[in-house]
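J.: My questions concern the predicted model and sequence given below.
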Amino acid sequence: MNDADLLANKVVNKIMELDNFSKWMGVEVIEIKDGYSKIKMPVRAEMLNGFGIAHGGVTFSFADTAFAFACNSDGKVALALDISISFPKAVMENDVLFAEAKLINKTKRTGLYLIEVKNQDNELVALLKGTCYKTKKDLL
């Protein structure tokens, strides 16, 4: 593992220590690299809406967590500037979701990321595009 990936893992470990919402969601970190994250989450009954499907906000929050991990992986505090999401398939109780965030383009101050959320059958359930603003503040 290179130095950038080691830093990325330290950053995400620190974020997870303080992120009670991600802990409540049951987020498990699978892989972290510089500009990249892959995470996993089970869908529980308390995450369902009145129609018996996962609340869109839960899926959004899960994708946003992967986005945050990837954006902050270089050790600088990053803040979301713009996020859009599409939900091509419903998420059901007992589904296991996987979110993969990848850096698409970066400048000195911004990063553009694409986040795919798939279920245990590798079906795309959400697609998020996010732009973050990179501050000069260190996370660690």
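T.: Yes, it's here. Predicted model only: the values in this text are computed from it and were never measured. Numbering: from 1, shown residues only.

J.: which residue sits closest to residue 104, ignoring its sequence neighbours?
T.: Nearest non-adjacent residue to residue 104, counting by C-beta to C-beta, 6 or more residues apart in numbering: residue 112, 4.6 Å away. For glycine as for every other residue, the C-beta is placed from the backbone atoms N, C-alpha and C.

J.: The helix or strand in which the one you found is found - contacts with which helices or strands?
T.: Here residue 112 sits within strand 110-118, counting by DSSP states H and E. Here strand 110-118 touches helix 56-71, strand 96-106, strand 124-138, going by 3 or more C-beta pairs under 8 Å, 6 or more residues apart in numbering; DSSP states H and E.

J.: Just put the ones you listed in a markdown table and tack on mean pLDDT and mean neighbour count.
T.: Formatted as a markdown table, the helices and strands packed on strand 110-118 follow (pLDDT from 0 to 100; neighbours: other C-beta atoms under 10 Å):
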| stretch | mean pLDDT | mean neighbour count |
| --- | --- | --- |
| helix 56-71 | 98 | 23 |
| strand 96-106 | 98 | 19 |
| strand 124-138 | 97 | 17 |
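
J.: Adding distance to residue 116, write these out as a markdown table.
T.: Output for the helices and strands packed on strand 110-118, formatted as a markdown table (distance: least, C-beta to C-beta, whole Å):
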| stretch | distance to residue 116 |
| --- | --- |
| helix 56-71 | 8 |
| strand 96-106 | 5 |
| strand 124-138 | 6 |
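
J.: And those: which comes nearest residue 84?
T.: strand 124-138 (5.3 Å; C-beta to C-beta).

J.: Show me how far the closest one is from its chain's centre.
T.: 8 Å (C-alpha atoms, centre = their mean, to the nearest Å).
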